[in-house]
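[1] How does the following fold in three dimensions:
(one chain, ligands or ions: 1)
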Amino acid sequence: MTTLKDRVALVTGASRGFGAAIAVELARHGAHVVITARTQGGLEATDDAIRAVGSTATLLPLDLMDGATLDQIGPSLHARFGRLDILVSNAGVLGRLTPAPHILSADWAQVVGVNMTANWHLIRSCGQLLLAATAGRAVFITTGRVQRPKAYWGAYGATKAGMEHLVRTWADEVRSTNLRVNLFDPGIMRTAMRADAMPGEDPATVPPPTEVAPQVAALCMPGEQRHGELVVACA
Ligand code: NAP
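    Residues are numbered from 1 along each chain as shown. Down below sits the predicted model:
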């Protein structure tokens, strides 16, 4: 498949789980994928999977808590590739599930930093390149928890809600351009995050992220595209 041939995509949280599946899916359509996360070994495994579908990747190990590094991503991509066509902001952290008054300061800072602040950095760092692309696409991964608050999930749900608001605002700001910006709620998936949240659950009862990833790739395709929407995964 070559729909995304010669396009450059950036996928965060690509060392495992949903981000790895999305990166491979975009590569399957011909994109060169810049994959980021902290775990070098995980990025290398994703790189192997991308090669196996006949495409190429650039590994960019980084910590999304490091705002100064995030601010350099756009300029670095411009220097290296001269373009960025697709951003999939997928990385996220659950934090500790606990009553709101018991959330520790360090945990709060981590969840806010990864789930919310990092997205602001990515938008300001990569926004100009995405606007310059002929069919720029940005997809931000969210969760149904935003619509359905639940005891002990406050930090996760609140930060995803904040991210959603920022993304919808940005989408409105770029409405008249070629850039299409959407939110995607994948539903439940068999990943490390899900196992952490639901340790008693039989993983075999939960769909793997590879089943859902094509729906994110569909939002990254050129041509007529949705904009400013919250897209919920269909089974
Ligand atoms: P996961 O398996 O825990 O993967 C999370 C990814 O984020 C990893 O690649 C991790 O890489 C990266 N990450 C976390 N903290 C980071 C940091 N400080 N710097 C850089 N990268 C960081 O989770 P997942 O289930 O695939 O989740 C992917 C997305 O789907 C998240 O936004 C999540 O909220 C959303 N989601 C998941 C489910 C589900 O059922 N799994 C449901 C709804 C929404 P490193 O640890 O290597 O840095």
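[2] Which stretches in this structure count as helices?
    Applying DSSP state H to the chain gives helices spanning 17-28, 40-52, 67-81, 105-112, 118-132, 154-173, 192-197, 209-219.
[3] And the residue most central in space within the chain, how far from the ligand?
    Nearest to the mean C-alpha position of the chain, by CA atoms, centre = their mean, lies Asn90 at 1.7 Å. Applying CB to the nearest ligand atom, to the nearest Å, one obtains 5 Å for the distance of Asn90 from the ligand. Every C-beta, even on glycine, is put in place using the N, C-alpha and C of the backbone.
[4] just Arg137 next, same as before
    Taking CB to the nearest ligand atom, one finds Arg137 at 17 Å from the ligand.
[5] How many neighbouring residues does that residue have?
    27 (other CB atoms under 10 Å).
[6] for Gly67, same thing?
    16.
[7] still on that earlier bit, which stretch among the helices of the chain comes nearest the ligand?
    helix 17-28 (2.4 Å; CB to the nearest ligand atom).
[8] helices or strands up against that closest one?
    Packing partners of helix 17-28 (3 or more CB pairs under 8 Å, 6 or more residues apart in numbering; DSSP states H and E): strand 8-12, strand 32-37, helix 40-52, strand 86-89, helix 209-219.
[9] buried ones in it?
    Residues of helix 17-28 classed as buried by neighbour count (16 or more other CB atoms under 10 Å): 17-28.
[10] do stretch 194-205 as well
    194, 197.
[11] for that stretch, how far is the first residue from the last?
    12 Å (CA to CA, to the nearest Å).
[12] Please compute how far that stretch lies from its chain's middle.
    Here stretch 194-205 is found 22 Å from its chain centre; the criterion is CA atoms, centre = their mean, to the nearest Å.
[13] Any chance you could list what contacts it?
    For stretch 194-205, the surrounding residues in contact (CB atoms under 8 Å, 6 or more residues apart in numbering) are 94, 97, 188, 190, 206.
[14] quick one: that stretch near the ligand?
    Yes - against the ligand, stretch 194-205 shows contacts by CB under 6 Å from any ligand atom at Arg194.
[15] what would the contacts of stretch 194-205 look like in CSV with pLDDT and distance to Val232?
    Listed next are these as CSV, based on pLDDT from 0 to 100; distance: CB to CB, whole Å:
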residue, pLDDT, distance to Val232
Leu94, 98, 20
Leu97, 98, 23
Ile188, 98, 12
Arg190, 98, 18
Val206, 97, 17
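[16] Return only those of those found close to the ligand.
    Restricting the contacts of stretch 194-205 to those touching the ligand (CB under 6 Å from any ligand atom) yields Ile188.
[17] I'd like the helices of the chain written out as JSON lines, with mean pLDDT added.
    Shown next, in JSON lines, are the helices of the chain (pLDDT from 0 to 100):
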{"stretch": "helix 17-28", "mean pLDDT": "98"}
{"stretch": "helix 40-52", "mean pLDDT": "99"}
{"stretch": "helix 67-81", "mean pLDDT": "98"}
{"stretch": "helix 105-112", "mean pLDDT": "98"}
{"stretch": "helix 118-132", "mean pLDDT": "98"}
{"stretch": "helix 154-173", "mean pLDDT": "98"}
{"stretch": "helix 192-197", "mean pLDDT": "98"}
{"stretch": "helix 209-219", "mean pLDDT": "98"}
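[18] Of those helices, which stretch is the most buried?
    helix 17-28 (a mean of 28; mean count of other CB atoms under 10 Å).
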